[in-house]
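> Make a model of this:
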Amino acid sequence: MNSLSPSYWRGFGKLADPRLTLASLSSMLIGAAAAARNGPVNWAWLAATVVGIVALEIAKNASGEITDFDSGADAAVTADDRSPFSGGRRVIVDGLLTRTETRNIAALTYAVGIGIGIVIAAFCDARVLWIGLGGTALAWLYAGFPCRMAYRGLGELAVAVAYGPLICSGTYVVQRHALPWTVILLSLPVGLLIAAFLWINEFPDYKADLAARKLNLVARLGRARASHWFAIILLAAFAIQCLLPAYAFPRGVWLGLAGIPFSWAAARRAIRSPDATSLIINAQRWTLESFVILAIGTAAGLVLAGR
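A predicted model of the protein is given here:
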C-alpha cells in the first residue's frame, strides 16, 4: 500500500484517535498545573513532553493492533458489538493498513517517544529517564510479548499506573526537577478513572476477548460482576479526590468533582445493562467525559488557587 494513500492516513488517524490521546493529555494537564502552582512553566519542555508521550501512545495503539489482529480478538468482534470506543482500531482487519505498515508506525513512534525522552533526560532532568523507561515498558508490555498484560488480567493495572502516577509525575519532574509524594497522590484519581474507561470499553468486546483468550478482568469476572467493580473504581477515584485538600492541596481541586454525575450515570448504565452494547456506548462516553472533566477541574483548582 502507498504510504501516501488516503487509506494509509485514515489508518494512521485511527491509531492517533484524539479520544484515546485525551487520556494522556488529561494526566499531563494535572501534572503541568501542579508544577505551575510551584513555579513558572517552561513551555518548550512541556511541548516536548506532550509530543513524546503522545508518540508513545500511538506506538502502544499500533503494537496492540498487531497483537489483537494476530490473536483474532479484533476480527471476532461482531457488528452488533462494535463501538466508537472499543473493539480495537481495526486498521488491519478493515484493510486500512497492512500488518507491516502498522509495525512500521509502531517502530517509528516508539523511536520518536524514546528519542524525546532521552533528550529531556540529557538536557533537563535525568530522573525522567527512569519514568520514561517505565512508561515505555508498560506501553509495549500492555499487549506485546513476553507479558501481554492485557491478556492476563493486568492491563487495567498497567493503565492506572501509566496514566496516573507515571505521566503526571513525569510532567511535573520536567518542570520542577523534584517529585513530592503528594504529586503521586494527586495523580491517582485520574489514573483510576482512565482505568475505568478501559474497563467499560472491555464490555462490548467480552465475547470476542473470551474467544481469543484475551482474559482481561472483565472477561475473567463476567460482565455482571465486572459492572459492580466498575462502580467501585469510580467511587474510589472520587473518594481520593475528596481527600486531596487534607494533603496540602487547595480546596479548588474539588472542581474536579464535577465529573461525578457522568460517572454516576455510567455506573448505573453498566449495572443495569451490562450485556447491551448499544446502551453501554453511552456509559463509555460518560466515563471519558468524567475523567476529562476531573482533569480540567483539578487543573483549574490548582492554578486559580495561586502559589
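> So Ile53 is in contact with Leu29, correct?
No. Counting by Cβ atoms under 8 Å, Ile53 stays clear of Leu29, with 11.7 Å between them. Heads up, the C-betas are built off the backbone N, CA and C, glycines and all.
> Mind checking which of these two has more residues around it?
Taking neighbours as other Cβ atoms under 10 Å, Ile53 and Leu29 compare with Ile53 leading, 26 against 23.
> Please identify the buried residues of the helix or strand where the more buried one lies?
Counting by DSSP states H and E, the element that carries Ile53 is helix 43-71. Across helix 43-71, burial judged by 16 or more other Cβ atoms under 10 Å covers 45-46, 48-50, 52-69, 71.
> right, and the helix or strand after it?
Helix 43-71 is succeeded, C-terminally, by helix 99-123 (DSSP H and E).
> Which elements pack onto that next one?
When contacts are defined as 3 or more Cβ pairs under 8 Å, 6 or more residues apart in numbering; DSSP states H and E, helix 99-123 packs onto helix 6-15, helix 43-71, helix 127-141.
> Now do the longest one, average pLDDT.
Confidence for helix 43-71, expressed as mean pLDDT, is 95.
> by contact count, what packs against it?
Secondary elements touching helix 43-71 (3+ Cβ pairs under 8 Å, 6+ apart): helix 6-15, helix 18-36, helix 99-123, helix 127-141, helix 167-176.
> I'd like those helices as TSV, with distance to Trp199 and mean pLDDT appended.
Listed next are the helices and strands packed on helix 43-71 as TSV, based on distance: least, Cβ to Cβ, whole Å; pLDDT from 0 to 100:
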stretch	distance to Trp199	mean pLDDT
helix 6-15	22	91
helix 18-36	13	93
helix 99-123	24	96
helix 127-141	17	93
helix 167-176	18	97
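> Need the ones you listed in CSV (columns: distance to Ala276).
Formatted as CSV, those follow (distance: least, Cβ to Cβ, whole Å):
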stretch, distance to Ala276
helix 6-15, 25
helix 18-36, 21
helix 99-123, 31
helix 127-141, 32
helix 167-176, 33
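> so which of the ones you listed comes closest to Ala295?
Smallest distance to Ala295 across the helices and strands packed on helix 43-71 (Cβ to Cβ): 3.6 Å, for helix 18-36.
> Can I get that closest one in CSV, CA atoms only?
Extracted in CSV, the C-alpha atoms of helix 18-36 (Å, rounded to 0.1, in the frame of the first residue of the first chain):
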residue,chain,number,x,y,z
PRO,A,18,-7.9,12.1,19.8
ARG,A,19,-10.4,10.3,22.0
LEU,A,20,-7.6,8.0,23.1
THR,A,21,-4.9,10.7,23.5
LEU,A,22,-7.3,12.5,25.8
ALA,A,23,-6.2,10.1,28.5
SER,A,24,-2.5,11.1,28.4
LEU,A,25,-3.4,14.7,27.9
SER,A,26,-5.6,14.7,31.0
SER,A,27,-2.8,13.3,33.1
MET,A,28,-0.3,15.8,31.7
LEU,A,29,-2.7,18.7,32.3
ILE,A,30,-2.8,17.8,36.0
GLY,A,31,1.0,17.4,36.3
ALA,A,32,1.6,20.7,34.5
ALA,A,33,-1.0,22.6,36.7
ALA,A,34,0.7,21.2,39.8
ALA,A,35,4.0,22.4,38.5
ALA,A,36,2.7,25.8,37.6
